[in-house]
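> Next input, structure requested:
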Amino acid sequence: MSRSGRTLDSIAALLNKNVDTLHAFINCQNTFNSNMTSKLNAIENIVKTVSDQGDRLAQLEASNVLLNREIDSLRDSLTNTPVNSSAQITIAGIPFTVTDNPLEVVTKVLTVLGVPELASDILDIRLITRRAPSSQNPERVNTSEASKSFIVFFKSSQISSHIIRKKRSHGVLAVSDVFACDKRGNIFVNEFLHPNTYNLLRKTEKIASDRNWKYVWSREGQIYARKQDGSQPIRITSEADLDKLG
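Next comes the predicted model:
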């Protein structure tokens, strides 16, 4: 083979090698481009997700504002609305000389009323502090100022209502009926009322008395009045209802 022929063969082999190298580069570039495309698509998805989450967050923030407004409105409503405290009772008239702990005091009262088992349904007992009798005024020992009261929290209004009914059936509950002492006076068991309801009850009692209505009472946080035996009771929910006591 001539020298020029050999040169051409060398050039052809070099070109073939360069072509192979170029094909390899193209394949590598295609792979790189494919990976970049996938990553760009992933970035677009992430951006969309972030955008969607941003919209969702804005919606949640708006909902939160509305909920806060509703909560504030509910609080205002509860502030101006008598709370049904029918699962609570008050036990008043306990002499200061009685040193039993609150649970023992309440249990003794329930025992006399015939329902000692209901002591297990007590959730809490709170002492209402009253001024103790002065040592310089011993004659005040038998007055209401020389007594203490308790608010008793029960598991349900059915329990507290049952206790109130038992007290009404029992009648007068003397201190000496419950405690081994010679103190005079009575123990009072009543439904605990929200201050607004209590004040309305007192106003109802006053007007009913002035207008010769015979009965005024509360039951499960509600106030009722009846003019006479056999007449239909009416419910008093606000001062406007007092006009019904005609």
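> Sketch out the strands for this structure, chain order is fine.
88-95, 122-128, 147-154, 188-191, 215-219, 222-226, 234-236 (DSSP state E).
> Pairing partners for the fourth one, with directions?
Yep, that's strand 188-191 we're talking about. The pairing partners recorded for strand 188-191 under DSSP bridges are strand 88-95 (antiparallel).
> what angle separates the strand it pairs with from strand 122-128?
Here the directions of strand 88-95 and strand 122-128 differ by 50 degrees (axes from the mean of the first three to the mean of the last three CA atoms, to 10 degrees).
> Touching strand 88-95 from outside, list them.
Here strand 88-95 makes contact (CB atoms under 8 Å, 6 or more residues apart in numbering) with 105-106, 109, 128, 141, 144, 146-154, 160, 163-164, 175, 179, 181, 183, 185-192. (Glycine included, C-beta is placed from N, CA and C.)
> How about residue 124, nearest residue that isn't a chain neighbour?
Among residues not flanking residue 124 along the chain, residue 153 sits closest, at 4.2 Å (CB to CB, 6 or more residues apart in numbering).
> What distance do you get for that neighbour to residue 189?
14 Å (CB to CB, to the nearest Å).
> The two: which has the busier surroundings?
The neighbour count for residue 153 versus residue 189, taken as other CB atoms under 10 Å, is higher for residue 189 (23 against 16).
> from what I can see the more buried one touches residue 165, true?
No: contact between residue 189 and residue 165 fails when scored by CB atoms under 8 Å: they sit 10.5 Å apart.
> okay, now residue 159: neighbour count?
With other CB under 10 Å as criterion, residue 159 counts 17.
> residues touching it, list them.
Residue 159 makes contact with 87, 118, 121 under the criterion CB under 8 Å, 6+ apart.
> my read: the first one touches residue 154, true?
Going back to what we said before, that points to residue 87. Yes: in this structure, residue 87 is within contact of residue 154 by CB under 8 Å, at 5.2 Å.
> May I ask which helix or strand of the chain has the lowest mean pLDDT?
helix 3-80 (a mean of 74; mean pLDDT, DSSP states H and E).
> Report the backbone C-alpha coordinates of stretch 172-192 in PDB.
Presented in PDB, the C-alpha positions along stretch 172-192 are these (Å, rounded to 0.1, in the frame of the first residue of the first chain):
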ATOM      1  CA  VAL A 172     -86.800  21.500 108.400                       C
ATOM      2  CA  LEU A 173     -83.200  20.200 108.900                       C
ATOM      3  CA  ALA A 174     -82.000  21.300 112.400                       C
ATOM      4  CA  VAL A 175     -78.300  21.500 113.200                       C
ATOM      5  CA  SER A 176     -78.900  19.100 116.100                       C
ATOM      6  CA  ASP A 177     -80.400  16.500 113.600                       C
ATOM      7  CA  VAL A 178     -77.000  16.300 111.800                       C
ATOM      8  CA  PHE A 179     -74.300  17.100 114.400                       C
ATOM      9  CA  ALA A 180     -73.900  16.000 118.000                       C
ATOM     10  CA  CYS A 181     -74.200  19.400 119.500                       C
ATOM     11  CA  ASP A 182     -76.700  21.600 121.200                       C
ATOM     12  CA  LYS A 183     -76.500  24.500 118.800                       C
ATOM     13  CA  ARG A 184     -79.800  25.900 117.700                       C
ATOM     14  CA  GLY A 185     -80.600  26.800 114.100                       C
ATOM     15  CA  ASN A 186     -81.300  25.100 110.800                       C
ATOM     16  CA  ILE A 187     -79.200  23.800 107.900                       C
ATOM     17  CA  PHE A 188     -80.300  25.000 104.500                       C
ATOM     18  CA  VAL A 189     -79.900  22.900 101.400                       C
ATOM     19  CA  ASN A 190     -80.600  24.700  98.200                       C
ATOM     20  CA  GLU A 191     -79.800  24.600  94.500                       C
ATOM     21  CA  PHE A 192     -76.800  26.800  93.700                       C
END
